[in-house]
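A.B. asks: Just the structure for this:
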Amino acid sequence: MSSRIVVIIFGFLVFCTVNTQAKAQNFGAIAYSPSTGGHGYSFDYSTRHAAERRALRECGRRARGCRVAVWFKNGCGALATGSRGWGSGWGTSRNRAYREALRVCGRKSGRCAIRVYACTARQSYR
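C.D. replies: From the prediction side, this is the model:
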């Protein structure tokens with residue numbers, strides 16, 4: 001095989017690898033038990049299902065009645081709790097996820113505060 005063909009093949013393989021990585025999706029999730037206050041989270045999983053399963057497993061180690069509060073892709077998720085309820089949100093940055101979780105919690109409860117958040121490695125910082 002000539003060196004020119006080797007270079008062309010190598011370039012094609014590099015292009016395919018870079019292109020595949022650019023399309024990669026990272027998922028995360030936060031699980032919460034409203035009855036006990038326990039939570040679990042996950043980040044940087046290749047599927048939504050895997051991220052949710054991990055968050056539920058982490059929550060289940062601490063609490064009963066866990067459910068997925070929020071899932072997110074290439075971003076962040078947050079969970080806020082208050083005196084009479086909770087809320088969750090996601091966004092392309094931690095601040096956006098915080099604001100959404102606090103907004104949702106504030107519709108149901110007073111004195112809401114962020115309880116937990118998680119972000120994927122491929123989040124945006126806009």
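
A.B. asks: Strands of the chain, residue ranges please.
C.D. replies: For the chain, applying DSSP state E gives strands covering 27-32, 39-45, 67-73, 76-81, 86-91, 113-119.

A.B. asks: Reformat the ones you listed as JSON lines; add mean neighbour count.
C.D. replies: (C-beta placed from N, C-alpha, C; glycine too.) Putting the strands of the chain into JSON lines (neighbours: other CB atoms under 10 Å) gives the following:
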{"stretch": "strand 27-32", "mean neighbour count": "28"}
{"stretch": "strand 39-45", "mean neighbour count": "21"}
{"stretch": "strand 67-73", "mean neighbour count": "21"}
{"stretch": "strand 76-81", "mean neighbour count": "27"}
{"stretch": "strand 86-91", "mean neighbour count": "22"}
{"stretch": "strand 113-119", "mean neighbour count": "19"}
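
A.B. asks: Please tabulate those strands in CSV, including the columns mean pLDDT and distance to Glu58.
C.D. replies: Formatted as CSV, the strands of the chain follow (pLDDT from 0 to 100; distance: least, CB to CB, whole Å):
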stretch, mean pLDDT, distance to Glu58
strand 27-32, 98, 7
strand 39-45, 98, 3
strand 67-73, 98, 12
strand 76-81, 98, 13
strand 86-91, 98, 15
strand 113-119, 98, 10
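
A.B. asks: Among those strands, which comes closest to Arg61?
C.D. replies: Among these, the nearest to Arg61 by CB to CB is strand 39-45 (7.1 Å).

A.B. asks: pretty sure Gly110 is in contact with Gly85, am I right?
C.D. replies: No - with contact defined as CB atoms under 8 Å, Gly110 does not count as touching Gly85 (9.1 Å).

A.B. asks: Please say which of these two ends up with more neighbours.
C.D. replies: Gly85 (16 against 10; other CB atoms under 10 Å).

A.B. asks: any idea how far the spatially most central residue of the chain is from Ser83?
C.D. replies: Centroid-nearest residue in the chain, with CA atoms, centre = their mean: Gly28, separated by 2.6 Å. Per CB to CB, to the nearest Å, Gly28 is found 27 Å from Ser83.

A.B. asks: I appreciate the help and will end here.
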